[in-house]
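Trainee: Build me a model:
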Amino acid sequence: MTISDEILANPILHELQNLLENQTAKGIAKYPNTVNVDDYSLVGWAKHAQEETLDKLVYLTCMKVKATEMEMKIDKLLSIARFYAHPQTYAWIDDKSRYIPSDIEDDKGNKARKVLEELGYESY
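Mentor: Numbers count the residues shown, from 1 in each chain. Presented below is the predicted three-dimensional model:
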């Protein structure tokens, strides 16, 4: 298998190849040529890299905030799913054959609706 075949077969490598091609096309459209080592001095390249790194830190921080929000939502959803999945929350009959309402029946879906609304989702 050739390197080109490997890149086409691997979705990650294929996406990176597409990103490089698209970024190069943007650069060519914006500037007269692609990257040229003589465009900046060594200090100029270092400064440019610092600026790009700071931009990257902004993007990473935004991603971290979004990931934290998603983790909190997942934790809440798992918590409510565990409530409804836990065997002790279901109705059962005791030794005297009496019916005892379960926590789920008593709750009537209120916990789930509350969590969905807290997370910004419509409840039914």
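Trainee: And stretch 18-27, how far out from the chain middle?
Mentor: Centroid separation for stretch 18-27 versus its chain: 24 Å, with CA atoms, centre = their mean, to the nearest Å.
Trainee: Please apply the same query to stretch 71-86.
Mentor: So, by CA atoms, centre = their mean, the centroid of stretch 71-86 is 18 Å from its chain's centroid.
Trainee: So which residues make contact with it?
Mentor: The contact list for stretch 71-86 (CB atoms under 8 Å, 6 or more residues apart in numbering) reads Thr89, Asp103, Ile104, Asp107, Lys111, Ala112, Val115, Glu118, Leu119. Quick note: C-beta positions are derived from backbone N, CA and C, even for glycine.
Trainee: buried set for that stretch?
Mentor: Residues Ile80 are the ones in stretch 71-86 that count as buried (16 or more other CB atoms under 10 Å).
Trainee: Just the CA trace of it, in CSV.
Mentor: C-alpha atoms of stretch 71-86 as CSV (Å, rounded to 0.1, in the frame of the first residue of the first chain):
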residue,chain,number,x,y,z
GLU,A,71,-19.2,16.5,31.2
MET,A,72,-21.6,18.2,33.7
LYS,A,73,-24.5,17.4,31.4
ILE,A,74,-23.5,13.8,31.0
ASP,A,75,-23.0,13.4,34.8
LYS,A,76,-26.6,14.8,35.4
LEU,A,77,-28.0,12.5,32.7
LEU,A,78,-26.2,9.5,34.1
SER,A,79,-27.4,10.3,37.6
ILE,A,80,-31.0,10.3,36.5
ALA,A,81,-30.5,7.2,34.4
ARG,A,82,-29.1,5.4,37.4
PHE,A,83,-32.0,6.5,39.5
TYR,A,84,-34.4,4.9,37.0
ALA,A,85,-32.2,1.9,36.5
HIS,A,86,-31.5,1.1,40.2
